[in-house]
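Q: Here is my input; please provide its structure:
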Amino acid sequence: MDIFSDNTNDSSGFMGETSSIFVTNLALDAINNNLFFDTKWTSRNMQFALMSVPIGSETGLDMRQNSDRFFYIAQGSALITMGTCENCLNFQSLLYSGFGAFVPAGVWNNVVNIGSIDLKMFTVSAPSLHSYNTKYATKEEWFSYDES
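A: Okay, the predicted model is just below:
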């Protein structure tokens, strides 16, 4: 719950202004999220976002030059691939509920839902990648908008 509000009805706390104190149940928030990408907390130095990747889909091949990322699987199973160039994804690992993956800045990566249910996960990026309260219903929306 955000200490700067008196909103106690929202299980994930008040989504007040950027950089406010925020306490939440990460796994429950991820499992209940149905948007492809939904930022929930943002500061200048870090960002927390929820992701829901449909069956047979993926986050999409991506590389952030100046931001480290952490992916945590709350529900489902995935294959993560990573590498130093777009066409050399030499690292891959299976991820299941409770698994996390750290992706350093400058590393190409993709998370593929290989399970029979929607992949529910959250990501932490440092520094922030998107504006506060950014929401994308689909992967196509997410990739069509560039915040540079």
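
Q: Strands along this structure, start to end?
A: 37-42, 47-53, 68-75, 77-83, 91-96, 100-103, 108-113, 119-126, 135-136 (DSSP state E).

Q: Leu28 is nearest to which of those?
A: With CB to CB as the criterion, Leu28 lies closest to strand 68-75 of the strands of the chain, at 8.1 Å. All C-beta atoms are positioned from the backbone trio N, CA, C, and that covers glycine.

Q: now the angle between strand 119-126 and that closest one, please.
A: Counting by axes from the mean of the first three to the mean of the last three CA atoms, to 10 degrees, strand 68-75 lies at 160 degrees to strand 119-126.

Q: Provide the strand pairings for strand 68-75, with the direction of each partner.
A: Paired neighbours of strand 68-75 in the sheet (DSSP bridges): strand 100-103 (antiparallel), strand 119-126 (antiparallel).

Q: hey, which of those strands is tucked in deepest?
A: Comparing the strands paired with strand 68-75 by mean neighbour count (mean count of other CB atoms under 10 Å), strand 119-126 ranks first with a mean of 23.

Q: which outside residues touch that one?
A: 26, 29-31, 33, 45-54, 64, 67-78, 111, 113 (CB atoms under 8 Å, 6 or more residues apart in numbering).

Q: Which residues does stretch 62-75 contact?
A: Contacts of stretch 62-75 (CB under 8 Å, 6+ apart): 26-27, 30-31, 80, 86, 95-111, 117-129.

Q: if we go to 7 Å?
A: With CB atoms under 7 Å, 6 or more residues apart in numbering as the test, stretch 62-75 has contacts from 27, 30-31, 80, 95-111, 117, 119-127, 129.

Q: related to what we said a few turns ago, looking at the strands paired with strand 68-75, spot the one closest to Phe91.
A: strand 100-103 (9.8 Å).
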